[in-house]
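Q: Give me a 3D structure for the following:
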Amino acid sequence: MASRITELVLDCHDPEKLAGFWCEVLGFVVLGREGDDIEIGPREGFGGLQPTLVLSRTDEPKNGKLRLHFDLNSTDRDQEAELERLLAAGARLVDIGQSGEESWHVLADPEGNEFCLLRARVS
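A: Now for the predicted structure:
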């Protein structure tokens, strides 16, 4: 028997704002609310192949680079078109010391949480 990741929890200052951003980026919907926390995920809901994302409100500041980050791949367009879509949604390019030769882009969500846009397209 084994376990699998069903939820990822991201501490943030404004769960509402990040829920909107990540729902747009990932094509997720709001699945539930508990206090100030918001759970978002695929339309099929909790327990499917994709983990849900819980945006958990905190007043603590983000300190430094995240120890865990998301890697994203586009499902319906090339990397550059997806980069433009993510930037229009509120992401921004960030420099965490990359060389410029990488095949991916490093971005941050509206609260500065880093994530990468990889080159491959997935179905």
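Q: Where do the domain boundaries of the protein fall?
A: As recorded under automatic domain parsing, the domains making up the chain are 1-61, 62-123.
Q: now the end-to-end length of the longest one.
A: Read it as domain 62-123. The straight-line separation of the ends of domain 62-123 (C-alpha to C-alpha, to the nearest Å) is 33 Å.
Q: In the protein, where is pLDDT below threshold?
A: Judged against pLDDT under 70, the low-scoring parts of the chain cover residues 1.
Q: Would you tell me which strand is longest in it?
A: With DSSP state E applied, the strand covering the greatest number of residues in the chain is identified as strand 114-121.
Q: For it, which residues meet the burial criterion?
A: By 16 or more other C-beta atoms under 10 Å, the buried positions in strand 114-121 come out as 114-118. In short, each C-beta sits where N, CA and C put it, glycine included.
Q: Can you tell me the SS state at L87?
A: Three states are possible here, and by DSSP: H, G, I helix; E, B strand; the rest coil the one that applies to L87 is helix.
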